[in-house]
Every structure is written in C-alpha cells, then in structure tokens.
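**Q** sequence isn't available, so here's the structure alone:
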C-alpha cells in the first residue's frame, strides 16, 4: 500500500473542501445559510495544523493546510460580499 | 514549546469546525445555501485522513478525523432534513 497516495488524496479532498461552497455562493449569489463561525474556526484551525505539520516535518500536512487557509480567505470574502449584497 | 498542545487545539478547531454550521441550520431551519458537495467531500476526506493517521501512528490525526466524520454525518442529515422541509 502506497500510503502517501492515501495522504495526498485525503489532503486534496479536505484542502479543496470549501471550493464547492465558494462556487455555490458565487452561483446563487447568496450566503445567508453559510456559517461564518465555521469558516473562521477552520481558518484558525488550519493555521495551527500548518504549525503542527512543520513540527512533524510532514509536507502533506503543511501544504494541505496552507492552501486550505488561502481558500478559506476566499470563502470568507465571498460570504461577506454576498451577504452584503442582500442587506 | 509543547507541540502537542498546538496539535490538540488545531484538532479541536477543525474537528468541530462544522458544529457552528449544524447549529445555524438548526436555528434558521434552512440549509439552501450550504454546499452538500463540500460536506460529502469533507466526509470522504476525513475517512482517508483517518487511514493516513493510522499509518503515521498519530493519535491526534486519527481521533480528530474520526470525530469529524461523525459530525459530518450529522451535518449531511441536517442538510437533507431542512432542505426537505423547504420543498
């Protein structure tokens, strides 16, 4: 079993996990049901996961969470943009 | 630096990351803006992360992702329950 392949697929799925949510906000131009607390909680979480990955020396954990962070920033921006349009 | 504390806080934040989303769906009784693709993508992702954690022998990764899986099942159930009510 090539474990790194499992790790890479896991990383790709969760790293890009909020991409469908971003696309849905963009498509429907609505974000009112999305939890901003969830987005901020993940944002802080992936920052700490990145630090923990550096400690473990595990490249997959570092890369996955650093990219997640950037995607979460986009999701948070979309949340405020589309909620702002509705008010 | 006690690295395991960073790991535990990171794990708690992302493990329970969808709890605010579940509470918001329950409070607003609405889930139409939530991306079900995001929920299923995370669900598959955390299953694979759990396997990868077993490979690494890292208890934090195993526990965090196994609990995440259970929370995601609840989130998916709530999504269908509240979207079903709206139809």
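**A** Ah, there it is. The structure presented is a predicted model; accordingly, all values stated were derived computationally and were not measured.
**Q** now do the same end-to-end measure for stretch A:54-61.
**A** End-to-end distance for stretch A:54-61, by C-alpha to C-alpha, to the nearest Å: 8 Å.
**Q** touching chain B at all, stretch A:34-52?
**A** Yes: for stretch A:34-52, a contact with chain B is found by C-beta under 8 Å from any C-beta of the partner chain, at A:34-35, A:37-38, A:41-42, A:44-46, A:48-49, A:51-52. Bear in mind the C-beta positions are built from the backbone N, C-alpha and C, glycine included.
**Q** show me these that map onto helices.
**A** Secondary structure from DSSP state H places A:37-38, A:41-42, A:44-46, A:48-49, A:51-52 of these in helices.
**Q** which of the residues you listed are buried, as a PyMOL select command?
**A** Typed into PyMOL, the line below selects the buried ones among these, using 16 or more other C-beta atoms under 10 Å in any protein chain shown:
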select buried, chain A and resi 38+41+42+44+45+46+48+49+51+52
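**Q** contact partners of whichever helix or strand residue A:20 is part of?
**A** Assigned by DSSP states H and E, residue A:20 belongs to helix A:19-28. When contacts are defined by C-beta atoms under 8 Å, 6 or more residues apart in numbering or on different chains, helix A:19-28 is touched by residues A:31, A:34, A:71, A:74-75, A:78-79, A:82, B:32-35, B:37-38, B:41.
**Q** buried residues in it, which are they?
**A** Buried-residue list, helix A:19-28, by 16+ other C-beta under 10 Å: A:19-22, A:24-25.
**Q** tell me the angle the one helix or strand residue A:5 maps to makes with helix B:3-15.
**A** According to DSSP H and E, residue A:5 maps onto helix A:3-15. Between helix A:3-15 and helix B:3-15, the angle comes out at 50 degrees (axes from the mean of the first three to the mean of the last three C-alpha atoms, to 10 degrees).
**Q** so what touches helix A:3-15?
**A** Residues outside helix A:3-15 that contact it (C-beta under 8 Å, 6+ apart) are A:60-61, A:63-65, A:67-68, A:71, B:41-42, B:44-46, B:48-49, B:51-52, B:55.
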